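Asker: A structural model of the following input is requested.
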Amino acid sequence: MSLIRIKDATDPGTWGPALDEAVNAIGRGQLVVLPTDTVYGIATDAFTPRAVQSLLDAKGRGRQMPPPVLMPDVRTLDGLATDVPDGVRALADAFWPGGLTVIVRAQPSLAWDLGETHGTVALRVPDHRVALALLRRTGPLAVSSANRTGRPAATTAQEAYRQLGAHVPVFLDGGQAPGGVASTIVDATGDVLRVVRLGAIDLAALAAVAPVMAPPPAPPAGGDAPAPTDAPEGRDEPAPEGATGDATDGTPEAPAP
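Answerer: Reported below is the predicted structural model:
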């Protein structure tokens, strides 16, 4: 295991050089592994198409599975999304930073290519000091769980290195990931707000802030499952066509950061 590429980022007083290397790697269109409040993530510049493609290649996944985008704070929301419902703003104020991902309509003028998004993007502000420190310097990052597709998500930098070491020049080691539970995903691209994956935030907490519909019911045991949709990889429930998203905490994938 390369101790050279795994950078200590546990102490804000000494993590400056490690963050500098991560920022420089992002600026070169390379990949960085970082801790989040759920699991470790693999990140790159959301506005460099070849960098996003290298992220998908590192994970072994296709363009039909576009990564979410992590942001430094809620103020970035309007720069990346359009037609944001009031309910989403209320949820963002209540749960960001934290374990909430919202699927919204992407700003059509943005020069990015996250994959087959059909004009949507999944956004989140993580509640982790290392991730936020990096995001404040780089701006929004495309981030997926730090694992090869079909393998468990990493909860330490060392686990991430074992899976992705051949593809990533900088690993920020923030210690054990504190969460291990996927974020809750709310789709805001339809007529109502609807949960498409329950995770770190339960439905009751969401509904106390904004009118959010429950996830679609699961198919009955032994019954036929719904026909597949064009949904992104790893949602436990059917998702809107083309919405960006990420993996879940079951097989074949692991939680999204």
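Asker: helices of the protein, start to end?
Answerer: Remark: helices assigned in the chain by DSSP state H are 16-27, 49-59, 77-80, 86-95, 129-138, 157-164, 203-207.
Asker: tell me the mean pLDDT for the first one?
Answerer: So that's helix 16-27. The average pLDDT within helix 16-27 is 98.
Asker: biggest strand in the protein by residues?
Answerer: Using DSSP state E, we find that the single longest strand of the chain is strand 100-106.
Asker: circling back: who wins for proximity to Ser109 among the helices of the chain?
Answerer: helix 77-80 (10.3 Å; Cβ to Cβ). Just so you know, the C-beta spots here come from the backbone N, C-alpha and C atoms, and that holds for glycine as well.
Asker: who touches the closest one?
Answerer: Outside helix 77-80, the residues that touch it by Cβ atoms under 8 Å, 6 or more residues apart in numbering are 69, 71, 84, 88-89, 92, 104, 106-107, 110, 121, 123, 140.
Asker: thinking again about what came up before, so which elements touch the longest strand of the chain?
Answerer: With contacts taken as 3 or more Cβ pairs under 8 Å, 6 or more residues apart in numbering; DSSP states H and E, strand 100-106 sits against strand 81-82, helix 86-95, strand 120-124, strand 184-187.
Asker: what's around Thr138, how many residues?
Answerer: 21 (other Cβ atoms under 10 Å).
Asker: for stretch 41-52, buried residues please.
Answerer: The neighbour-count check on stretch 41-52 (16 or more other Cβ atoms under 10 Å) flags 41-48, 51-52 as buried.
Asker: for these, which one is nearest His167?
Answerer: Ile42 (8.1 Å).
Asker: next up, the contacts around the residue nearest to that closest one when sequence neighbours are not counted.
Answerer: Counting by Cβ to Cβ, 6 or more residues apart in numbering, Ala146 is the residue found nearest to Ile42 once chain neighbours are left out, at 4.6 Å. If a contact means Cβ under 8 Å, 6+ apart, then Ala146 has 33, 39-42, 153-154, 159-160, 163-164, 257 as its contacts.
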